[in-house]
Each structure stands twice: as structure tokens, then as C-alpha cells.
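# after the sequence you'll find the predicted model.
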Amino acid sequence: MGAYEDLHARSLEDREAFWLEAARAVDWFEPPTRAFDPDQGAYGRWFPDGVVNACHNALDRHVDAGRGGQTALIYDSPVTGSKRSYTYAGLRDEVSAFAAVLQDLGVAKGDRVVIYMPMVPEALVGMYACARLGAIHSVVFGGFAAAELAKRIDDAAPKVVLTASCGIEPTRKVAYKPLLDQAIAAASHKPDAVVLLQRPELEAELTPGRDHDWAALRAAAEGRTTDCAPVAATDPLYILYTSGTTGTPKGVVRDTGGYLVALAWSMKAVYGLNPGEAFFCASDIGWVVGHSYIVYAPLIIGATTVLYEGKPVGTPDAGAFWRVISEHGVVALFTAPTALRAIRKEDPEGREARKYDLSRLRALFLAGERADPPSIQWAETLLGVPVIDNCWQTETGWPIVANPIGFERLPVKLGSPTVPMPGYDVRVLTDEGHEAPRGTLGNIVIRLPLPPGCLPTLWNADDRFRSAYLDGFPGYYQTSDAGFVDEDGYVFFMARTDDIINVAGHRLSTGGMEEVIASHPDVAECAVVGVADQLKGQSPTGFVVLKAGVDRTPADIEREIVALVRDRIGPVAAFKTALTVQRLPKTRSGKILRGTIQKIADGEDWAMPATIEDPTTLDEIGDALAARR
């Protein structure tokens, strides 16, 4: 790891030189003369005297360089049967005209715009139009609950809300307008205007005096142009809300200059992409992965981004991703482990993949939750390309730990997303704040300062930012992840700190148990939670989903799983209970709702999570527990 080690060391020991060099990949209106000012903000600010614009970097500069005819965006929507492509010049013109629409509605530099839309090109146009004007966008996942949307409207105080009449799921249409109306009615802050994109699958009625038809405003702006507003590198590009432990969402602030630098560096070094190549990030624009690697990063480097409106299975089958890769010449796929497990559950033999030409695919990247080794090995065998995990958060905006294949491809260790990226000084501390020995489970933290691209604070909540992230271990950013670093410097994220369970005085990782359970040949996916136990404090319980076509009795498989965990981890795990369910409760980004499962198992009061994909999955958990009792 000589080349990597030199790179990482330089990023920490001479951050000024390292990040000013990286900043050359960005087209600045006023280039920064220094990389970092330690006296600004909670821990310092990046590129404090730089002036830049995100939309210019993603669109205009490529057009100005003579590459306007290259494809920038491919929209592929199996749920509607429609596909569209936009060149860099075409997308620039669309964004420029829609920015004029926002100007007419009073949107100016520093104003906020909430975007509550499905995976359609207009959503990206809205995001880029805000960036063009220096306005701050805040994307809320389309179809999000009205009460949660209201909280975000109150916190961001948007001048305008951009929305659509509906989102489209494989089996239903989700009407957005009633949810938005309820949210605005409940919110203390009232936006000046709503711009609504009518979709032919389900149209909505406009509220007179407040609502505007997207197509009508856009048609009236045909031929109009707007300039890219110069903004300070430290000015916010967007606010992205993540759930808070108090029930109040945390508005993660993303500053403009540092984010552009980090994305430009990571797109080449981490994901190995070159200008003109197609990148398929199968996420949603409501989540940070979508912001970073659907909307901004591919276009910043001049690549082509695929915007996919569909699911990994069911639209129409488990070959959906493979069709997109084949049809659009995708060289890298970035998705969540849960999507991979869903495909594997429906098509364990990988027959669908063999129907398509995947010869241009170079790598599969995973992030969003722990990538279980059996799924990684399955995908490696099926695709014949590296399957590479990387780990990061809404707060960081780009990978904390990854395998920099565009710079130096390091050996893969199953269960680890590999090593810290430049600027991230990752440590493992005991609960008392002491450095933990290599290989010892502890609190994963990042020594301050955080690198460019990470949050400088929370929106209108500096004190909350410090208490949530900085006060727990002074001098460090608290990730709230538990894990360890091995002798080679590889980082292993084993669980959220809330998912570390205490069994008879032993601190055990639920992630380690899940890794063992997932290795069973009949298991598609699983979750382990610690259930209250009067004798031991907590005892682990596993919930498992079986692969399609398994015809053995669940009871037999459950007994094998219990034996497997006891064999691999030992009696200290006290693992005695495995329960088969049809589905696991997940957020709409694919994360398993372990905390809610645990509350149900413990008989505690719980609230329906705002981000849940399917509430009926929680009933299945309750039924499985009741049947076992």
C-alpha cells in the first residue's frame, strides 16, 4: 500500500498543499489562495476565499469547452416505459430557462427551495437551477409523510416548493399533492409558491393563487437565459435532512467549494470514472448518495449519469439493473447491499444477468449499510468484476473509507470497505476516549478537521451540531459507528453504536452475527437485534428472509442458523433464536430498521418511522415474535 499510504499521509500532514492541488479540478471564478481556515466555524472551513458555482462546474464549463453534444443525463423509467437523454448543452439550456422561472417567483441567492419530487429529470433541473442562482435546495424524498415534510418546511423556510403530481411504484401511484397540501397546512412557514409537474399517470388540482403549472411556466421561459451566480466556497449548496434522536430532523449543510473538490477527487480516484463514461448510481435524489453520485459528481467530471426510476426487482424482474447496464454502456454501478440481496433472493442462480451484455462493466460499488460477504462473493462470481464496498454518511457527503481503485486498487478484505480516504484521520476509541488497540471493537471517530465536502454545521443549529457530533469525544467527529481497525489499517464497521449489544457483560456486534447468518446458503438477508433479557441483559435474536425457491421447512433452517452462529462466534454470543419472516422492515433507502424491530421485540412503545418503505413489514415482525412466544 505504498502509494496509498503516501497519499493519505500527505493529505493529513500537508493539507494545504494536498487540497489546493485537488482544487485545480474545479473551475473557480476566484481560485482559493488557501485551503483551510482553522478559525472559522466549529472546526474550520475549506477554501475560505474561493468563489465558484456548482452549476457552472457541472454544465456550462463542459459546453464552453466544446463538449456540449456529449450525453450528460440518461433517464430510464421502467415504471412509466419512458426514456430520455439530454446533452450537456440541452441540459444547460433547460436549467438556465428554469432558473429564470425561479427568478420570476422571487428566488434569489441564499433563498431556500424545497424539492419534493420523484426520480424524473425535472428534479435535477430544479436542483441545478437553484445552484445556478446561488439558492439553497433541500430535496425531500418524494412521497415522504406530510408531518415529516412539514418539519422540513418549517426548518428550511423555503420561498418555493417544487413538486410533481405523483410518484410511481411498481404496484401503485403515490399522490404527492395531498401530502404537500397537508404539510403546508401544518407548517408554520408558508412558501410563496408551489410549482407542480403534472404527470399523465395521475394529475393533481392546483391551489389558486399559490400553485403554478411547471410546463406552463417553463414554456413561457423558452429562450430565456440566466447567468451562474458567483458564490463563496463556504456558502451552502444544499440542506439535506437526516433523522434526529429528538424527533426533530437535522439539516446537514453542504458547502459549495469543498463539496465540488471532494466529488471531483472521489469520482476519479474512488470510482475510477473518466469523462464520457456512463455511471449508474441506483439510489434516490432524496438521499445523500443520489445528491453526490447521481446529480453532481458524474457531471462535474464530464461523465454521463443514469437517472433510474424503478426498483432492482419487480420493474419488471430481477434483471432490471443488468438491462440498464447493457443498454446504456455503464462502466460502474453503485447501489446498496439491500438491492443486491433483493436481486439475489429473486434470482439466486443469476440467470437474468446472463441475458445481457455486461462487458463494459468494470466494477460494482456498494454503500448504505454493511455489505455482507456472501452477497459480495455472489456478485463477484456472477459479474466477474471487483465488488467494492465503501462507507460514508449523509454528514460526510462522500466516502470516509473506500478502495481507491482509480489511484491504487488495494486487496479486498471481506467485511471491510478498505481504508480511510484522504483527509479522514480515522481512529477507534474506547468509551473513555482512549485509543483502542488494533483489532479491538470501539467507537469509530474522525480526528478533526473533517476533510472538504463534509458538513461544517447543521442548518440554524450550531449548538446542536457540536453536541451531536463533537462533544462526545473532544477533538474528534463522532460517527456513531462501532468497529475496529486491523493490523493492515483496514477499517471494519460492525454496527451503529446503538446496535452493539451487551450479553452477560460481553460487548458483541450484531453485524458480526449477521455476517455468519448471511453465509447460510438458504438465507437471502437478515437482521440481528438485542432483546432484553433479565439474566443476561440482552440476548440476540435473528430475523431471516429465505431465498426464493427454498423448499425446506423454516424450522430446520432456523436450527441450522443457531448452530452456525454458536459454532463461528461461540457460546458467548448466547444466540438461541432465529425467526423466519417474508420481508424485513426497511427505510426507503434500503436500511433495515433494527431499532424499531428491537422496540417491538422488547414490548416498548414505538412510533411508525417516517422513512419506512412498507409499514406492513412491522406487522410481520410482531407476528413472528408472537408465534414464537
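Sure, I can see it. Residues are numbered from 1 along each chain as shown.
# and the nearest residue to residue 350 once chain neighbours are set aside, what's its pLDDT?
Spatial nearest neighbour of residue 350, chain neighbours left out: residue 382 (4.1 Å); criterion: Cβ to Cβ, 6 or more residues apart in numbering. Using the backbone N, CA and C atoms, a C-beta is placed for each residue, glycine as well. At residue 382, the predicted lDDT confidence score is 97.
# ok, now the one 10 residues further on?
According to the predicted model, the pLDDT of residue 392 comes to 95.
# equivalent analysis for residue 527, please.
92.
# got phi/psi on it?
Backbone dihedrals for residue 527, given as degrees, to the nearest 10, come out at phi -150, psi 140.
# quick one: low-confidence ranges for the stretch 101-250 of the chain?
243-247 (pLDDT under 70).
# in it, which spans are helices?
121-133, 146-156, 176-186, 214-220 (DSSP state H, counting those that start in this stretch).
# how much space between the residue nearest to the spatial centre of the chain and residue 553?
For the chain, the residue sitting closest to the mean C-alpha position, by Cα atoms, centre = their mean, is residue 289 at 3.2 Å. Going from residue 289 to residue 553 by Cβ to Cβ, to the nearest Å gives 38 Å.
# surely the residue nearest to residue 350 forms part of a strand?
No: under DSSP: H, G, I helix; E, B strand; the rest coil, residue 382 falls outside any strand and is assigned helix.
# in the stretch 251-400 of the chain, mark out all the strands, start to finish.
Applying DSSP state E, counting those that start in this stretch to the stretch 251-400 of the chain gives strands spanning 278-281, 304-308, 330-335, 363-366, 387-389.
# okay, those strands in a markdown table with distance to residue 200 and mean neighbour count next?
What follows is those, written out as a markdown table (distance: least, Cβ to Cβ, whole Å; neighbours: other Cβ atoms under 10 Å):
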| stretch | distance to residue 200 | mean neighbour count |
| --- | --- | --- |
| strand 278-281 | 26 | 24 |
| strand 304-308 | 18 | 24 |
| strand 330-335 | 28 | 24 |
| strand 363-366 | 34 | 23 |
| strand 387-389 | 39 | 25 |
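# rewinding a little: the residue nearest to residue 350 - how many residues pack around it?
The tally of other residues near residue 382 (other Cβ atoms under 10 Å) stands at 22.
# tell me who's in contact with the residue nearest to residue 202 when sequence neighbours are not counted.
Spatial nearest neighbour of residue 202, excluding adjacent residues (Cβ to Cβ, 6+ apart): residue 166 at 4.0 Å. Residues in contact with residue 166 (Cβ atoms under 8 Å, 6 or more residues apart in numbering) are 118, 173, 174, 175, 176, 177, 199, 201, 202, 204.
# related to what we said a few turns ago, most tightly packed of the helices of the stretch 101-250 of the chain?
Ranked by mean neighbour count under mean count of other Cβ atoms under 10 Å, the helices of the stretch 101-250 of the chain are led by helix 121-133, which reaches a mean of 26.
# list the helices and strands it packs on?
helix 54-55, strand 71-77, helix 88-104, strand 112-116, strand 136-139, strand 160-164, strand 236-242 (3 or more Cβ pairs under 8 Å, 6 or more residues apart in numbering; DSSP states H and E).
# could I get the ones you listed in TSV, plus columns for mean neighbour count?
Below are these laid out as TSV (neighbours: other Cβ atoms under 10 Å):
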stretch	mean neighbour count
helix 54-55	27
strand 71-77	21
helix 88-104	22
strand 112-116	26
strand 136-139	26
strand 160-164	26
strand 236-242	25
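# export the ones you listed to TSV and append columns for distance to residue 263.
Conversion of those to TSV gives the following (distance: least, Cβ to Cβ, whole Å):
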stretch	distance to residue 263
helix 54-55	10
strand 71-77	15
helix 88-104	17
strand 112-116	19
strand 136-139	16
strand 160-164	23
strand 236-242	11
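# relative to residue 362, which of the ones you listed is closest?
Distance to residue 362, taken as Cβ to Cβ, is lowest for strand 71-77 among those, at 17.9 Å.
# convert the closest one to CSV, retaining C-alpha atoms only.
What follows is strand 71-77, C-alpha atoms only, in CSV (Å, rounded to 0.1, in the frame of the first residue of the first chain):
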residue,chain,number,x,y,z
THR,A,71,-24.7,13.0,-23.3
ALA,A,72,-25.0,14.3,-19.8
LEU,A,73,-28.1,12.6,-18.5
ILE,A,74,-30.0,9.4,-19.4
TYR,A,75,-33.4,9.0,-17.9
ASP,A,76,-34.6,5.4,-17.8
SER,A,77,-38.1,4.8,-16.2
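# ok, that strand: who's next to it in the sheet?
strand 82-87 (antiparallel), strand 304-308 (parallel) (DSSP bridges).
# tell me which of those strands sits nearest to residue 158.
Using Cβ to Cβ, the strands paired with strand 71-77 put strand 304-308 closest to residue 158, at 23.1 Å.
# now the strand or helix carrying residue 477: how far from the chain's centre is it?
Using DSSP states H and E, residue 477 sits in strand 476-485. With Cα atoms, centre = their mean, to the nearest Å as the basis, strand 476-485 stands 18 Å off its chain's centre.
# which neighbouring elements make contact with that strand?
strand 425-429, strand 442-447, strand 491-496.
# quick one: name whatever helix or strand follows the helix or strand bottoming out on mean pLDDT in the chain.
The weakest-scoring helix or strand in the chain, judged by mean pLDDT, DSSP states H and E, is strand 506-509 (a mean of 68). Using DSSP H and E, the helix or strand that follows strand 506-509 in sequence is helix 510-518.
# give me the angle between that following helix and strand 491-496.
In terms of direction (axes from the mean of the first three to the mean of the last three Cα atoms, to 10 degrees), helix 510-518 departs from strand 491-496 by 100 degrees.
# contacting residues around helix 510-518?
Applying Cβ under 8 Å, 6+ apart, the external contacts of helix 510-518 come out as 370, 372-375, 415, 493-495, 499-501, 523, 525-530, 540, 542, 544, 561, 564-565, 568-569, 573, 575, 578, 594.
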